[in-house]
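Visitor: I would like to see how this sequence folds:
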Amino acid sequence: MPDAAPPATMPAPQAAALERIARRMAGAAQAPWLHAEVARRMAERLSLIRRQPRSLVDWCSFDGASLDLLRQAYPGAHILCVETDARRLQRASAPAAPRWWRPRPKTASAPAIVSPQQLPAAQAELLWANMALHRAGDAPSLLRQWQQALAVEGFLMFSTLGPGSMPQLRRLYAQLGWPPAFAPFADMHDLGDLLMHSGFDDPVMDQEIVTLTWSDADALLRELRTLGGNAHASRFAGLRTPRWRQRLCAELQQLRGPDGRLRLDFELVYGHAFRVAARPRVAAQTTVSLQDMRAMVGAGRRGGGAR
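Guide: As a prediction, this is how the structure comes out:
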């Protein structure tokens with residue numbers, strides 16, 4: 001692990017609210033549209049990496065909407081799909097009902113679907129996590145979990161929402177004197193520091209702003225609901241009334257742009273980093289695990305190599 005001090009505490013959404021959001025999202029019939037669009041944009045960056053991984057982990061596979069893109073990019077790779085929600089895992093693992101009235105289409109073989117606890121350590125050459133980090137209750141623990149799943153010199157690619165997301169909605173709630181509309185998202189510079197502290201090397205962070213528009217407030221709220229919910233510890237207590245929702249829809253008219261459509265900006269943050277061999281600190285007595293020792297010896301034999 002690096003000698004640098006750990007970064008500042010990351011924003012922590014309320015665990016109970018996150019659980020309710022995960023339970024609701026697990027019942028969705030399809031991944032959010034924005035997740036699929038971010039997956040497409042992130043997949044375009046794979047061409048910048050010369051390595052061709054043979055073993056991949058697709059983290060929160062269903063909501064990440066990335067499996068087809070990963071298969072296209074690495075047709076010969078073995079893919080493990082991880083589902084963190086027990087309901088999603090159970091449903092995804094259930095065998096499909098036979099369809100006697102027409103033949104099954106010829107598709108790629110179904111990937112293995114596992115829980116995080118079933119994921120083998122130090123095996124994946126690529127861990128892909130699309131739009132999952134901002135929904136984690138403990139981002140540092142999740143990054144350490146990803147680092148442990150990667151083989152030495154394996155690489156991580158992830159995307160997440162950044163603090164520049166939905167500033168219009170944040171300002172509207174503040175203007176009305178309401179509690180925050182959503183929990184804060186981590187800054188990409190903090191994430192870069194956290195990657196280094198979690199045992200990753202060469203972190204590269206990037207971001208872009210994407211603007212989504214809707215014809216009316218009901219459509220906007222439906223889309224936001226597919227993306228999650230408010231897990232801020234200081235959010236409104238209890239359920240909101242129909243009258244409050246009517247007022248919210250009326251106030252959202254302030255977000256109309258020159259084209260007459262409601263607008264919200266989303267900051268998309270992309271991260272990429274490598275797992276390096278453990279570098280134990282020099283001390284009077286240094287203890288290194290057998291697994292880390294094997295990794296260091298193996299990395300020394302392979303040499304640096306081009307990434």
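
Visitor: need the pLDDT of Cys234.
Guide: To be clear, residue 234 is Ser; Cys isn't right here. Looking at Ser234, its pLDDT is 90.

Visitor: let me see the contact set for it.
Guide: Counting by C-beta atoms under 8 Å, 6 or more residues apart in numbering, Ser234 makes contact with 179-180. For the C-beta atoms, the positions are set from N, CA and C on the backbone; glycine is no exception.

Visitor: count of residues packed around Ala278?
Guide: 16 (other C-beta atoms under 10 Å).

Visitor: secondary structure class for it?
Guide: At Ala278, secondary structure determined by DSSP: H, G, I helix; E, B strand; the rest coil is coil.

Visitor: you'd agree it is up against Gly199?
Guide: Yes - taking contacts as C-beta atoms under 8 Å, Ala278 lies within contact range of Gly199: 7.4 Å.

Visitor: what residues are bridge-paired with Asp58?
Guide: Cys81, Trp128 (DSSP bridges).

Visitor: now for it: which residues touch it?
Guide: Asp58 touches 64, 66-67, 70, 79-82, 111, 128, counting by C-beta under 8 Å, 6+ apart.

Visitor: send me stretch 231-239 as PDB with only the CA atoms.
Guide: The C-alpha trace of stretch 231-239 is given here as PDB (Å, rounded to 0.1, in the frame of the first residue of the first chain):
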ATOM      1  CA  ALA A 231     -30.300   8.800   0.100                       C
ATOM      2  CA  HIS A 232     -29.200  12.000   1.800                       C
ATOM      3  CA  ALA A 233     -29.200  11.700   5.600                       C
ATOM      4  CA  SER A 234     -31.000  15.100   5.800                       C
ATOM      5  CA  ARG A 235     -33.700  14.400   3.200                       C
ATOM      6  CA  PHE A 236     -37.400  14.900   4.000                       C
ATOM      7  CA  ALA A 237     -38.500  12.500   6.700                       C
ATOM      8  CA  GLY A 238     -41.400  10.200   5.700                       C
ATOM      9  CA  LEU A 239     -43.400  10.100   2.500                       C
END
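
Visitor: tell me how far that stretch lies from the chain's centre.
Guide: How far stretch 231-239 lies from its chain's middle: 23 Å, per C-alpha atoms, centre = their mean, to the nearest Å.
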